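Visitor: Got a predicted model here, sequence first, then my questions.
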Amino acid sequence: MKIKIHPSLTRFADGNSEVELPDTSVADFFSVLNEHQQQLYRCLIDDEGEIHAYVNVYVNGKSLETLPDEKKLSPVDEIDIVTSLVGG
């Protein structure tokens, strides 16, 4: 399945705006991401294994965190990893 990467994160995905991952479930998404895109994973996840507050993952426009763990993710799903804009 294709994962679209926000421009601010492409440097952690070898400059790619999209990465391919094997089909997985919501519960295993970050584990599979770590297996195939370790640098990107380390950018998204903190030392306690939690997703950073400034990172959002959307599946078909819905937050990954709101989806049931058993939901299967497949190539037909539109998956986006984005960061919040911060500054002042």
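Guide: Yep, it's here. Numbers count the residues shown, from 1 in each chain.
Visitor: low-scoring stretches of the protein, by residue?
Guide: By pLDDT under 70, the low-scoring segments of the chain are 85-88.
Visitor: now the helices for it?
Guide: For the chain, helices defined by DSSP state H occupy the ranges 29-36, 38-44.
Visitor: buried residues in the first one?
Guide: What that stands for is helix 29-36. For helix 29-36, a neighbour-count test (16 or more other C-beta atoms under 10 Å) marks 29-30, 32-33 as buried. Where you see a C-beta, it was placed from the backbone N, CA and C, and this is true even at glycine.
Visitor: ok, those vs residue 10, which is closest?
Guide: Nearest to residue 10 among the buried residues of helix 29-36: residue 33, at 14.8 Å, using C-beta to C-beta.
Visitor: Rebuild the helices of the chain as TSV, extending it with distance to residue 68.
Guide: Listed next are the helices of the chain as TSV, based on distance: least, C-beta to C-beta, whole Å:
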stretch	distance to residue 68
helix 29-36	12
helix 38-44	21
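Visitor: among these, which is nearest residue 17?
Guide: With C-beta to C-beta as the criterion, residue 17 lies closest to helix 38-44 of the helices of the chain, at 11.9 Å.
Visitor: what about that closest one, distance to the chain center?
Guide: When C-alpha coordinates are averaged (C-alpha atoms, centre = their mean, to the nearest Å), helix 38-44 and its chain have centres 9 Å apart.
Visitor: before we move on, what about stretch 14-27?
Guide: Distance, stretch centre to chain centre, for stretch 14-27: 7 Å (C-alpha atoms, centre = their mean).
Visitor: Would you mind listing the residues in contact with residue 53?
Guide: Each residue near residue 53 by C-beta atoms under 8 Å, 6 or more residues apart in numbering is listed here: residue 84.
Visitor: From residue 36, how far out is the spatially most central residue of the chain?
Guide: Central residue of the chain (C-alpha atoms, centre = their mean): residue 81, 4.6 Å from the mean position. Applying C-beta to C-beta, to the nearest Å, the value for residue 81 to residue 36 is 13 Å.
Visitor: Please consider this matter closed, and thank you.
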